[in-house]
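> test case, fold it:
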Amino acid sequence: MFSPSRRSLLPALIIAALLASAPAFAQDAPASPDAEVPTDGEVPTGAAPEDDTPDETRAAVEENVDDSPAEESADSDAITETTERTETTERTETTETPGDAAPASLEGEVAEVPARSATETIPEPATLPPDGIDAPGVIDAEEDLKKSRVSYQANSEYRVRSLQITPIELNGTAVRDIGWTEQRFRLDASTGLDGVGSITVQLDALDGVLFGDNGRFLGNPSSNSGVSLATKRPNLTRWQIGLLPGGDPFDRESYGPVLTSAPLLEVNYLYADAMLPIGLLRVGRQPLNYGATINAHDGGRHNRWGVSQYSDGVDRILFGTKLNEIVNTLRYGADHTPDTSLDRGVILGMFYDFMKHDNIARTDDDLRQMGLNLQWLVDEADWFGLDWQGFQASATFVHLRNDRFNSRIYGFPLAFQTGVNNVDLRLQFSHLRGETTEISEGFAALTNARVQTQQMRGYGAQGVVDVHLGPVTLSLEGNYASGDANPRAGDPITSFSFARDMNVGLLLFEHVLAFESARSVGVGLENLADADVDSFPLTEIQSDGRFSNAIAIFPQIYVDMLKTAEHNLFARAGVLAAWSATPDGVVDAVQTALNDVGGPIENSALNFHGGTPGRFYGTEVDLQLGYRLRDNFFWTVEGAVLFPGEALHDENGDAVRSFLVENRFELLF
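Predicted structure coming up:
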């Protein structure tokens with residue numbers, strides 16, 4: 001029933017228990033990167049992500065491992081038989097007179113080998129070459145066994161999106177309609193040695209790259225051809241919010257979509273796993289979190305609406321083990337067979353993150369994060385006479401420390417999910433608290449204020465309930481992220497932001513607020529262009545689609561109109577209503593700081609549109625129609641209309657409706 005992207009720390013952590021007692025050559029193949037659940041906006045509600053390693057692959061690896069000793073024995077027997085046959089031939093040849101013909105053999109007898117001359121060289125019997133030397137026709141059984149324990153896996157995805165938003169600016173004319181087509185290729189690959197470990201990599205190519213040969217020839221970015229009619233080779237360009245040609249850098253309305261160069265290839269993750277006797281050690285650049293949570297998103301196909309565009313990663317050393325299997329091994333001894341299930345058990349993870357090095361000759365500017373994660377998983381149970389499936393409870397403690405800005409931050413994420421009969425439930429809660437001067441330093445430079453230590457208190461939560469009624473699923477989603485209406489340097493920081501890819505709706509947070517917040521950040525950074533500061537917290541005001549300072553109610557309905565083993569035609573609809581989490585309304589921190597005239601902050605506060613802050617964001621209606629072919633091809637069409645509330649009004653109280661249409665093709669294998 002319900003098994004969404006639950007792997008809060010490591011899917012591979014659970015495999016650690018395999019090493020407690022089993023010999024190395026009998027263990028399962030190393031876990032490879034998470035196979036993404038079958039949709040970025042097309043996941044049937046409540047669909048469960050599958051284990052990346054198919055059963056056939058595991059079976060093949062285990063079969064190869066079991067058969068290898070037999071192959072080695074067969075090879076040895078063949079060599080022995082060849083040697084014996086050669087020795088027999090030599091004995092026969094020494095008893096014959098050179099030049100005599102061998103008598104014809106009778107039926108049923110073995111014909112003798114013709115005699116060689118006395119001066120003819122007798123060949124040596126076949127032998128294995130020395131270590132490190134290959135000989136044609138001779139099989140190194142030990143090397144063959146080693147090769148049979150090596151596994152490879154690769155998952156690829158190619159995505160093309162075409163979007164049209166009319167308008168993106170709700171109360172201005174500088175930027176009206178925007179439309180573009182972009183693409184992305186993603187490769188998840190791993191190679192492993194059974195019982196030893198594995199190496200995993202995730203690569204993105206042409207991520208967000210626009211279709212076509214774009215830009216001005218000899219400009220930045222430059223098109224490949226100086227004549228658009230003659231172009232025959234697309235280039236590498238993206239779009240972002242920047243200063244429009246001829247615009248005033250201190251006027252937020254002078255910022256809009258501009259082209260920028262895009263990299264051909266980006267490495268999201270690259271890490272190694274080592275299977276130790278008591279657990280799994282993972283080292284390298286890896287997901288900050290596995291699956292989709294309000295704190296971090298691994299960039300996989302977990303969203304019901306829209307797509308994933310970011311991969312939250314970290315350079316980390318992580319150790320994980322299955323506590324219940326360690327206890328069982330100590331209790332029952334070497335005869336205990338470890339439970340290799342990914343759906344049950346008690347798992348402990350410990351991690352140490354290198355968030356920032358900066359000057360390697362100093363340590364006070366280093367930013368480090370460490371923490372613990374404890375999970376309790378039950379795949380199925382019969383509690384209180386009810387059918388429980390996919391029960392998961394998770395608690396995490398995180399500590400982040402930096403001496404340069406006196407940062408001491410603590411995080412307490414909690415998660416719970418389960419399925420009970422035909423109802424699925426998912427709950428998340430996160431609390432951040434601590435202190436730092438890093439945010440104050442950036443805003444103090446913007447407003448000529450004094451740098452002060454600020455207290456941090458942020459809260460975030462999400463709850464999702466799905467009720468399955470045959471081909472129809474009714475859902476109710478609630479979201480909360482605390483906000484901050486006071487950007488002054490000495491006041492507490494109370495804002496909380498969801499992960500960038502934790503999409504809430506299609507248009508309001510994903511595009512409209514992302515556009516308006518990016519314009520304000522452009523103005524703020526221009527004001528800090530000549531400032532000698534180490535902190536630029538304004539960049540975090542640019543939401544990039546994150547859900548922040550909001551309370552949202554999002555009822556939805558999902559319908560399987562056609563569902564067979566190979567084909568699935570489905571539709572989804574939802575109505576999103578959102579309000580500011582702060583009683584003082586939605587405040588643009590940059591514009592408010594620049595407009596601060598002293599006295600109560602309410603006298604200086606402005607929203608992202610230059611108007612008086614209001615609480616109601618508005619109402620958004622989202623629609624989705626999708627077609628799936630064999631979990632390999634997805635064709636999705638999404639649409640949204642936004643009816644803006646007073647939080648989106650300008651100084652004249654005006655805001656127009658906005659519309660979005662997206663067509664998306666995705667191929668996975």
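> so where's the stretch 451-600 of the chain shaky on pLDDT?
530-532, 538 (pLDDT under 70).
> ranges for the helices of the stretch 201-350 of the chain?
323-332 (DSSP state H, counting those that start in this stretch).
> for it, which spans come out with low pLDDT?
In the stretch 201-350 of the chain (pLDDT under 70), the answer is 340, 342.
> run through who's touching stretch 229-240.
180, 182, 206, 208-215, 221-225, 257-264, 518 (Cβ atoms under 8 Å, 6 or more residues apart in numbering). The C-beta positions use only the backbone N, C-alpha and C, and glycine is treated the same way.
> cutoff 6 Å now
208-210, 212-215, 221, 224-225, 257, 259-260, 262 (Cβ atoms under 6 Å, 6 or more residues apart in numbering).
> and stretch 328-341, end to end?
15 Å (Cα to Cα, to the nearest Å).
> so how far is that stretch from its chain's centroid?
32 Å (Cα atoms, centre = their mean, to the nearest Å).
> same deal with stretch 615-630?
The mean C-alpha position of stretch 615-630 is separated from the chain mean by 22 Å, Cα atoms, centre = their mean.
> buried sites along that stretch?
Neighbour counts over stretch 615-630 (16 or more other Cβ atoms under 10 Å) mark Arg615, Phe616, Tyr617, Gly618, Glu620, Val621, Asp622, Gln624, Leu625, Gly626, Tyr627, Arg628 as buried.
> could you export those residues as TSV, including secondary structure, distance to Thr166 and pLDDT?
As requested, these are exported to TSV (DSSP: H, G, I helix; E, B strand; the rest coil; distance: Cβ to Cβ, whole Å; pLDDT from 0 to 100):
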residue	secondary structure	distance to Thr166	pLDDT
Arg615	coil	26	96
Phe616	strand	22	98
Tyr617	strand	19	98
Gly618	strand	16	98
Glu620	strand	15	99
Val621	strand	15	99
Asp622	strand	16	99
Gln624	strand	19	99
Leu625	strand	19	99
Gly626	strand	23	98
Tyr627	strand	25	98
Arg628	strand	29	98
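> what's the closest of the residues you listed to Thr539?
Among the buried residues of stretch 615-630, Tyr617 lies closest to Thr539 (Cβ to Cβ), at 22.6 Å.
> right, and the closest one touches Ala578 too?
Yes. Assessed by Cβ atoms under 6 Å, Tyr617 is found in contact with Ala578 at 4.1 Å.
> picking up where we left off before, distance to Lys563 for the buried residues of stretch 615-630 - can I get that in CSV?
Converted to CSV, the buried residues of stretch 615-630 look like this (distance: Cβ to Cβ, whole Å):
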residue, distance to Lys563
Arg615, 42
Phe616, 38
Tyr617, 35
Gly618, 34
Glu620, 28
Val621, 25
Asp622, 22
Gln624, 16
Leu625, 14
Gly626, 12
Tyr627, 11
Arg628, 9
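> returning to that earlier point: name the nearest of the contacts of stretch 229-240 relative to Leu288.
Nearest to Leu288 among the contacts of stretch 229-240, with distances taken as Cβ to Cβ, is Gly208, at 20.4 Å.
> which non-adjacent residue is nearest that closest one?
Computed as Cβ to Cβ, 6 or more residues apart in numbering, the closest residue to Gly208 that is not its neighbour in sequence is Arg238, at 4.7 Å.
> same check, this time on Gly478
Using Cβ to Cβ, 6+ apart, the nearest residue to Gly478 is Gly463, at 4.8 Å.
> buried sites along stretch 167-186?
Buried residues in stretch 167-186 (16+ other Cβ under 10 Å): 167-172, 175, 178, 180, 182-186.
> what's next to that stretch, contact-wise?
Here stretch 167-186 has contacts from 157-162, 164-166, 204-211, 253, 256-257, 515, 609, 644, 648, 650, 654-656, using Cβ under 6 Å, 6+ apart.
> dump it to CSV, restricted to CA.
Written as CSV, here are the backbone C-alpha positions of stretch 167-186 (Å, rounded to 0.1, in the frame of the first residue of the first chain):
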residue,chain,number,x,y,z
PRO,A,167,1.9,36.2,-17.0
ILE,A,168,4.8,35.6,-14.6
GLU,A,169,4.6,39.2,-13.3
LEU,A,170,1.2,39.7,-11.7
ASN,A,171,1.3,43.5,-11.5
GLY,A,172,3.7,44.9,-14.0
THR,A,173,4.5,45.0,-17.7
ALA,A,174,8.3,44.6,-17.7
VAL,A,175,8.0,40.8,-17.9
ARG,A,176,4.7,39.3,-19.1
ASP,A,177,4.6,35.9,-20.8
ILE,A,178,7.5,33.5,-20.6
GLY,A,179,7.9,30.2,-22.4
TRP,A,180,10.7,27.8,-23.0
THR,A,181,11.7,24.2,-23.7
GLU,A,182,14.5,22.6,-21.7
GLN,A,183,16.0,19.1,-21.3
ARG,A,184,18.0,16.9,-18.9
PHE,A,185,19.8,13.6,-19.1
ARG,A,186,20.5,11.7,-15.9
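> and it, how far out from the chain middle?
Using Cα atoms, centre = their mean, the offset of stretch 167-186 from its chain centre is 25 Å.
> which strands and helices sit next to the helix or strand where Gly524 lies?
Element membership of Gly524, judged by DSSP states H and E, is helix 513-527. In terms of contacts (3 or more Cβ pairs under 6 Å, 6 or more residues apart in numbering; DSSP states H and E), helix 513-527 is packed against helix 589-594.
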